[in-house]
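# Fold the following, please.
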Amino acid sequence: MPTFAAVDIGSNSCRLAIARVEQHHLKTLHEDREVTRLGESVFETGNISPEAMAKTVEALKRFHKAVQEHVVDRVRVVATSATRDARNSEAFRAWVKSVTGWTVEVISGLEEGRLIHLGVVSLEAGARGNVLLIDLGGGSCEITVSEGGRIREMVSLPLGAVRLQQEFLRTDPPTKEEVARLRKFIDRELSRGQKKLGMPRVGLVIATSGTAAALASVGMEEADAVKKAAKTARVSSIKTRAGLKGKILEAATGNVRYLADRMLKMTNAQRAAIPGIGERRSEIICGGAQVFAALLERMGLKGYRYSPLGLRDGVLAQMLADVDTRASAHKTMEAERWEGVTQLCRRYGVDPKTVAPEREHAKKLFDQLQKVHELPAEYRLWLEAAAMMQNVGKYLNHQGHHRHTQYIIANSEVFGFSPQQRAIVAAIARYLGKSRPEPMDRPMRYVPVEEHGNVGKAVVLLRLTQALNQDRATAAVGLRAKVYPKRVVLELVPVRGGAELEVWSLKKEAGYFREVFRRELLIDVV
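Numbers count the residues shown, from 1 in each chain. The predicted structure is shown next:
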């Protein structure tokens with residue numbers, strides 16, 4: 001069974017999780033964490049400081065050694081808010097690459113939220129009902145409304161604990177003016193988020209991250225210190241992801257507000273002395289605590305349940321879903337991907353039902369011509385997605401719409417597709433006119449060099465798909481492909497109105513087909 005490793009380079013800390021696949025589930029083998037404060041200087045100067053870089057790289061070197069010791073088959077390294085915002089992000093990623101050989105993937109806030117959601121709904125008890133998920137990290141806060149294990153709405157807000165500390169709370173303890181500015185900023189951002197989320201009616205609120213854990217554990221560890229609150233934190237026992245008995249903390253809104261306001265009047269040393277917080281968390285907890293208190297109150301929520309799951313668990317679940325179609329995460333991931341594709345289509349005036357025949361033809365061509373194109377299995381999904389989204393550029397302008405399509409796909413948030421995958425899908429959808437993919441073309445610069453040949457093959461398949469769908473007012477033609485050593489025969493089964501346009505369009509692609517696949521393309525109507 002394969003072994004996976006997920007590395008999360010956050011704004012406050014770096015985390016490692018290594019897990020092995022056993023009977024369609026993940027068994028955790030090793031975990032590690034190091035507080036590196038990568039985002040501390042970013043939120044102040046716009047750059048990652050050399051000291052933060054060095055500390056992070058040292059932690060990653062330790063992670064790399066653990067990965068080697070566990071003979072990991074695949075490693076995925078993701079970076080979040082601080083790396084997204086830093087002007088010298090590329091230099092940091094190059095340093096990591098030179099030391100570990102790992103390619104750091106910088107993900108968006110919404111992709112971060114999607115992966116956290118995937119990890120929680122895959123592994124957390126009770127998370128497949130109506131749930132509000134809150135992840136407050138060092139640089140951003142992702143809030144997700146989930147129904148039946150599916151994302152309904154999500155927002156990513158710049159309300160991370162390190163970011164707020166650096167930008168608003170510069171004295172110890174904070175001044176009244178600093179607190180007032182902080183609360184005004186939090187209120188503005190939460191108001192913006194609530195315009196999209198509304199007032200969700202949920203049965204469970206799950207919070208992840210260190211700030212959520214600290215606020216809940218204070219209620220358990222030091223009940224006397226929060227005796228003025230209406231209700232103290234509760235502890236319930238459930239099975240953790242490792243199958244062992246563990247403790248899940250629950251914090252009431254009244255406790256959170258009391259603690260959030262109380263800590264603003266304390267020095268860092270006083271906060272650090274509170275059981276459940278500690279020295280490192282005390283330095284950044286004030287801003288995050290205010291976010292939790294304001295969010296819970298604004299949405300009329302009674303409190304939250306803390307979950308130790310996080311981004312690294314979602315990354316592991318994604319890797320499991322990629323290789324095991326029987327894993328529960330696979331169905332969740334596939335549903336999210338196609339929901340993302342259909343949402344993008346609707347946003348730009350493309351009816352998903354109208355382009356469904358093109359998606360079907362893309363699948364048939366990929367499957368029936370497998371011996372010809374020899375593309376990796378994941379290109380089937382990317383080809384289907386490109387077939388559905390190929391006309392979104394017409395929303396901007398019919399003239400040159402292929403260029404607009406490429407830009408929209410590459411720069412839009414499509415759940416389940418990494419930036420590199422979106423770049424590949426966008427490149428496939430780009431070359432449906434007179435142009436052909438060339439290595440120095442702008443769209444191809446964002447595609448890894450080793451994928452250029454595969455993109456060219458996928459472009460040919462999508463052009464054939466386009467040729468097979470000339471008249472969307474009638475049913476699509478039937479298709480059968482026969483593969484011979486020196487030629488490929490596409491047999492068309494005509495429907496109402498015949499297949500003259502489809503035959504004409506396919507013959508126009510015969511030259512390009514021969515150029516890429518070194519076989520003749522013949523069309524036969526049966």
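# Which SSE is immediately downstream of the host helix or strand of Glu111?
When elements are assigned from DSSP states H and E, Glu111 belongs to helix 109-123. Heading C-terminal from helix 109-123, the first helix or strand you meet, by DSSP H and E, is strand 130-136.
# Show me what counts as buried in that following strand.
By neighbour count with 16 or more other Cβ atoms under 10 Å, strand 130-136 contains the buried residues Val131, Leu132, Leu133, Ile134, Asp135, Leu136. Glycine gets a C-beta too; all of them are placed from N, C-alpha and C.
# which among those gets closest to Lys331?
Within the set of these, Val131 lies nearest Lys331; the separation is 17.5 Å, counting by Cβ to Cβ.
# Now do stretch 203-212, average pLDDT.
Here stretch 203-212 scores 92 as its mean pLDDT.
# Report the distance from that stretch to the chain centre.
What separates the centre of stretch 203-212 from the centre of its chain is 19 Å, taken as Cα atoms, centre = their mean, to the nearest Å.
# okay, that stretch in CSV with CA atoms only?
Output of stretch 203-212 as CSV, limited to C-alpha atoms (Å, rounded to 0.1, in the frame of the first residue of the first chain):
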residue,chain,number,x,y,z
GLY,A,203,-26.4,21.7,13.7
LEU,A,204,-22.7,21.8,14.4
VAL,A,205,-19.9,24.3,14.3
ILE,A,206,-16.4,22.8,14.0
ALA,A,207,-13.3,25.0,14.5
THR,A,208,-9.7,24.0,13.6
SER,A,209,-6.3,25.6,14.3
GLY,A,210,-4.3,26.4,17.4
THR,A,211,-6.3,29.5,18.4
ALA,A,212,-9.5,27.4,18.5
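# quick one: buried residues of it?
Along stretch 203-212, the positions that meet the burial threshold by neighbour count (16+ other Cβ under 10 Å) are Leu204, Val205, Ile206, Ala207, Thr208, Ser209, Gly210, Thr211, Ala212.
# who's in contact with it?
Contacts of stretch 203-212 from elsewhere in the structure, counted by Cβ atoms under 8 Å, 6 or more residues apart in numbering, are 12-13, 116, 120, 124, 126-127, 129-137, 161, 216, 251, 281, 284-285, 288-289, 292, 296, 301-310.
# rerun at 6 Å
126, 129-137, 161, 281, 285, 288, 301, 304-307, 310 (Cβ atoms under 6 Å, 6 or more residues apart in numbering).
# Same check on stretch 172-187?
Phe168, Leu169, Leu264, Lys265, Met266, Thr267, Asn268, Gln290, Val291, Ala294.
# Low-confidence regions, the stretch 301-450 of the chain specifically.
Where the stretch 301-450 of the chain drops to pLDDT under 70, the residues are 328.
# Swap in 80 and give it another go.
Along the stretch 301-450 of the chain, the model assigns pLDDT under 80 to residues 324-333, 416.
# for the stretch 1-150 of the chain, same thing?
Regions of the stretch 1-150 of the chain meeting the criterion pLDDT under 80 are absent.
# For it, which segments count as strands?
Shown for the stretch 1-150 of the chain, the strands assigned by DSSP state E, counting those that start in this stretch span residues 3-9, 13-22, 25-35, 74-79, 104-106, 130-136, 141-147, 150-157.
# His402 is nearest to which of these?
Put simply, out of the strands of the stretch 1-150 of the chain the one that sits nearest His402 is strand 104-106, at 27.2 Å, with distance taken as Cβ to Cβ.
# Mind listing residues that contact the closest one?
Identification of contacts with strand 104-106 by Cβ under 6 Å, 6+ apart yields Val77, Val78, Ala79, Thr83, Arg84, Arg93, Val96.
# Out of the residues you listed, which comes closest to Gln406?
Arg84 (22.4 Å).
# can you tell me how far that closest one sits from Val106?
Look at Arg84 and Val106: by Cβ to Cβ, to the nearest Å, they are 6 Å apart.
# Which of these two has more residues huddled nearby?
In this view Arg84 and Val106 are compared by other Cβ atoms under 10 Å, and Val106 has more residues nearby, 21 against 18.
# quick one: buried residues of the one helix or strand Ile424 maps to?
Assessed by DSSP H and E, Ile424 sits inside helix 419-430. Taking 16+ other Cβ under 10 Å as the basis for neighbour counts, the residues of helix 419-430 that come out buried are Gln421, Arg422, Ala423, Ile424, Val425, Ala426, Ala427, Ile428, Ala429, Arg430.
# tell me which strands and helices that helix is in contact with?
Packing partners of helix 419-430 (3 or more Cβ pairs under 6 Å, 6 or more residues apart in numbering; DSSP states H and E): helix 378-389, helix 401-411, helix 442-445, helix 452-467.
# Between helix 419-430 and the helix holding Glu111, find me the angle.
Interaxial angle of helix 109-123 relative to helix 419-430 (axes from the mean of the first three to the mean of the last three Cα atoms, to 10 degrees): 110 degrees.
# now what about helix 109-123, what contacts it?
Judged by Cβ under 6 Å, 6+ apart, the contacts made with helix 109-123 from elsewhere in the structure are 80, 127-128, 133, 135, 140, 142, 144, 149, 151, 154, 156, 241, 309, 311, 313-315, 317, 329, 413, 415.
# just the buried members of those residues?
Here, 16+ other Cβ under 10 Å leaves 80, 127-128, 133, 135, 140, 142, 144, 149, 151, 154, 156, 241, 309, 311, 313-315, 317, 329, 413, 415 buried among the contacts of helix 109-123.
# can you tell me how far the spatially most central residue of the chain sits from His117?
The structure's the chain has its C-alpha centroid closest to Glu111; by Cα atoms, centre = their mean the separation is 2.3 Å. Glu111 sits 11 Å away from His117, going by Cβ to Cβ.
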